[in-house]
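Undergrad: Build me a model from this:
(one chain, ligands or ions: 1)
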Amino acid sequence: MKILLNYIDGTLKPPVSGEYLDNINPARGEVYAKIPDSDARDVADAVDAARRAFPAWAGLPAEKRSDFLLSLADLVDSHVDELALAESIDTGKPLALAKHMDIARASVNLRFYATAILHFASSAHPMEGLATNYTVHRPVGVAGCISPWNLPLYLFTWKIAPALAAGNCVVAKPSELAPMTAFLFSELCIQAGMPAGVLNIVHGLGAKAGQAIVEHPEVPLISFTGGSSTGKRIAVTAAPMLKRLSLELGGKNPTIVFSDCDFDEAVKNTVRSSFLNQGEICLCGSRIFVERKIYGKFKRAFLQEVAQLSIGDPLHPDTFIGAVISEAHAQKVMDYIQLAKEEGGNILIGGKRHLMEKEHAGGFFILPTVIEGLSYDCRCNQEEIFGPVVSIMPFDTMEEVLHDANSTPYGLAANIWTLNVQKAHQVAQQLDAGIVWVNCWLLRDLRTPFGGVKQSGIGREGGFEALQFFTESKNICIKH
Ligand code: NDP
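TA: Numbering: from 1, shown residues only. Below is the predicted model:
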């Protein structure tokens, strides 16, 4: 059985406690690796190492830091098969998805910030005849980066790449539910010759190791992606310490299908935006509003496509839906399906666990589920389920759909399907969301700001926004 280690001060180390947690393969429901059960002592060691490494790392020319990130990206590319297999086994997601989305994007994240930092220039503001101001961006120190289990290496690199590129040192904690690729990444850092202490990875529980990072007085900035309730807990700890926070939190995203859409494209992409990665993507659309004129036709076509989705062994090349992350999460999703029935919902398809045989008999599989007949304001349409479950509802007017779409406490992403450009602009402008996709979904340009409104988060990642977050601006005014 593989035993994972922390990566602290350039070396792989066991946790101070000597205790380990079980790492479970969700497609089999079996323990297959052990994870360090780290605590505040491991975090303190990691922060000390990061503080020691900071002056030299921050003092390197940006080109040198860029070179390190580029060599890490090269190593990710040359280990793509191994990393994708590890990601698939660790999370239950289909292997092909892990390869083409997760690991491919991890490499792109590293390359993007390795090059973005070279274009992150200082600005100057001359006061004619009087003085010149110039503003420089300095790294802050030790950044705490805490990431979730749904897109493990993808979101891990999305945080550490801008932090490191900007000259900070990092103490990162991946989710204890999906730590394997972060561990393999630490081996790649050693191979790449990353200076000791620049990146430190501490494995363990959120409430213990994660909380210790947030509480540590020498970690002045925290970049967190995860659930809204955890985000609030982190804010409560960080606020009195005046830490800088970036919170990327949950979503309950609407998909709005107007009758003047490209019908086939809308159906095909709504299936994808509902069920990709078992619906375990913060950007998945889970409330599908369809204009009543085409509701019946859309519903039939949608259900026909959903019925074709192949569910099962994540390692099989044809699998579209794998296992959800854990038994506890599967139970939570099933509880919402039960609640939907109590709230008056009619299960059109799915609604059950998918039972498998032999080595997958203990796996956490849930059939893609479509529910009709729920009111826009019931709990199933207001709370994040984060699984392969969507609700489909008809609407009559633009005012009505805007009201219902904006009715949740969340505001991460939204998806609109219409060929009427005016309507697209009008609806996009009025939706409470940080990201709106029109006639597409998950089409990402990494230069654009990424984040949510309301309870979906605080701050923006992506592009120069992340480099702003990971640096302090200092203005220097020189009188002529
Ligand atoms: P959690 O909030 O449970 O956990 C996220 C991370 O925080 C994990 O590493 C977790 O560790 C850690 N953590 C938990 N408690 C604490 C604490 N008190 N202090 C510090 N760290 C802590 O989220 P999930 O992992 O369940 O991820 C799913 C959620 O993430 C969904 O709500 C989803 O919408 C959201 N998400 C948001 C995205 C966005 O960009 N807005 C993108 C992807 C997901 P551990 O796992 O060990 O408990």
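
Undergrad: contacts and neighbour counts: CA atoms only from here.
TA: Fine.

Undergrad: In whichever strand or helix holds Ala235, which residues are buried?
TA: Assigned by DSSP states H and E, Ala235 belongs to helix 228-238. Judged by neighbour count (16 or more other Cα atoms under 10 Å), helix 228-238 contains these buried residues: 228, 230-231, 234-235, 238.

Undergrad: helix or strand right after that helix?
TA: strand 244-248.

Undergrad: and that next one with helix 228-238, angle?
TA: Interaxial angle, strand 244-248 versus helix 228-238 (axes from the mean of the first three to the mean of the last three Cα atoms, to 10 degrees): 180 degrees.

Undergrad: what's the average pLDDT for strand 244-248?
TA: For strand 244-248, mean pLDDT rounds to 98.

Undergrad: That strand and the ligand, any residue contact?
TA: Yes. Applying Cα under 6 Å from any ligand atom, one finds strand 244-248 touching the ligand at Glu248.

Undergrad: swap in stretch 459-466?
TA: No. Using Cα under 6 Å from any ligand atom, stretch 459-466 never reaches the ligand; the gap is at least 8.5 Å.

Undergrad: got the CA coordinates for that stretch in PDB?
TA: C-alpha atoms of stretch 459-466 as PDB (Å, rounded to 0.1, in the frame of the first residue of the first chain):
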ATOM      1  CA  GLY A 459     -12.300  38.000  -4.900                       C
ATOM      2  CA  ARG A 460     -11.300  36.900  -8.300                       C
ATOM      3  CA  GLU A 461      -8.700  34.400  -9.600                       C
ATOM      4  CA  GLY A 462      -7.400  34.300 -13.100                       C
ATOM      5  CA  GLY A 463      -5.200  36.500 -15.200                       C
ATOM      6  CA  PHE A 464      -3.500  39.500 -13.600                       C
ATOM      7  CA  GLU A 465      -6.200  39.500 -10.900                       C
ATOM      8  CA  ALA A 466      -4.500  36.500  -9.200                       C
END
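
Undergrad: related to what we said a few turns ago, the buried residues of helix 228-238 also near the ligand: which ones?
TA: Near the ligand, by the rule Cα under 6 Å from any ligand atom, you find 230, 234 out of the buried residues of helix 228-238.

Undergrad: which one of the buried residues of helix 228-238 sits closest to the ligand?
TA: Thr230 (4.5 Å; Cα to the nearest ligand atom).

Undergrad: who's in contact with that closest one?
TA: By Cα atoms under 8 Å, 6 or more residues apart in numbering, no residues touch Thr230.

Undergrad: Would you mind giving me the confidence score for it?
TA: Reported pLDDT for Thr230: 97.

Undergrad: what's the distance between it and Phe386?
TA: 15 Å (Cα to Cα, to the nearest Å).

Undergrad: Alongside the ligand, which residues does the stretch 1-150 of the chain contribute?
TA: Contact residues, the stretch 1-150 of the chain versus the ligand (Cα under 6 Å from any ligand atom): 146-149.

Undergrad: can you tell me which residues contact the nearest residue to Gly451 once chain neighbours are set aside?
TA: Excluding the flanking residues, the one nearest Gly451 by Cα to Cα, 6 or more residues apart in numbering is Arg460, at 4.8 Å. Taking Cα under 8 Å, 6+ apart as the contact definition, Arg460 lies against 246, 248, 449-452, 466.

Undergrad: Same question for Leu69.
TA: Contacts of Leu69 by Cα under 8 Å, 6+ apart are 110-111, 114, 161, 165.

Undergrad: element containing it, please.
TA: Leu69 belongs to helix 62-78 when assigned by DSSP H and E.

Undergrad: ok now that helix, how far from the chain's centre?
TA: 22 Å (Cα atoms, centre = their mean, to the nearest Å).

Undergrad: Buried residues of that helix, list them for me.
TA: For helix 62-78, by 16+ other Cα under 10 Å, it's 62, 65-66, 68-77.

Undergrad: Tell me the helix or strand right after that helix.
TA: helix 80-91.

Undergrad: Just the residues contacting that next one, thanks.
TA: Contacts for helix 80-91 (Cα under 8 Å, 6+ apart): 23-27, 76, 93-96, 98-99, 102-104, 149-150, 152-153, 177-181, 184, 314-315, 323-325.

Undergrad: How about stretch 415-428?
TA: 253-262, 266, 285, 398, 402, 436-441.

Undergrad: Just the ones in strands from those, please.
TA: Per DSSP state E, strands hold the following members of those: 253-257, 285, 436-438.

Undergrad: any chance of these in JSON lines, plus pLDDT, distance to the ligand and neighbour count?
TA: Converted to JSON lines, the ones in strands among the contacts of stretch 415-428 look like this (pLDDT from 0 to 100; distance: Cα to the nearest ligand atom, whole Å; neighbours: other Cα atoms under 10 Å):
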{"residue": "Asn253", "pLDDT": "98", "distance to the ligand": "10", "neighbour count": "31"}
{"residue": "Pro254", "pLDDT": "99", "distance to the ligand": "14", "neighbour count": "30"}
{"residue": "Thr255", "pLDDT": "99", "distance to the ligand": "16", "neighbour count": "28"}
{"residue": "Ile256", "pLDDT": "99", "distance to the ligand": "20", "neighbour count": "28"}
{"residue": "Val257", "pLDDT": "99", "distance to the ligand": "23", "neighbour count": "28"}
{"residue": "Gly285", "pLDDT": "98", "distance to the ligand": "11", "neighbour count": "28"}
{"residue": "Val436", "pLDDT": "98", "distance to the ligand": "14", "neighbour count": "23"}
{"residue": "Trp437", "pLDDT": "98", "distance to the ligand": "15", "neighbour count": "17"}
{"residue": "Val438", "pLDDT": "98", "distance to the ligand": "19", "neighbour count": "19"}
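
Undergrad: Which of the residues you listed sits closest to Gly363?
TA: If you rank the ones in strands among the contacts of stretch 415-428 by distance to Gly363 using Cα to Cα, Gly285 comes first, at 25.0 Å.

Undergrad: Would you mind confirming that the closest one is in contact with Asn253?
TA: Yes. Using Cα atoms under 8 Å, Gly285 is in contact with Asn253, at 4.7 Å.

Undergrad: so what sits against both of the two?
TA: Joint contacts of Gly285 and Asn253 (Cα under 8 Å, 6+ apart) are 414-415.

Undergrad: Can you tell me, leaving aside adjacent residues, what's nearest to Ala73?
TA: Using Cα to Cα, 6+ apart, the nearest residue to Ala73 is Ser107, at 4.7 Å.

Undergrad: Show the contacting residues for that neighbour.
TA: 72-74, 76-77.

Undergrad: Can you verify it is assigned to a helix?
TA: Yes. Ser107 forms part of a helix when assessed by DSSP: H, G, I helix; E, B strand; the rest coil.

Undergrad: and it, how far is that from Ala239?
TA: In terms of Cα to Cα, Ser107 sits 33 Å off from Ala239.
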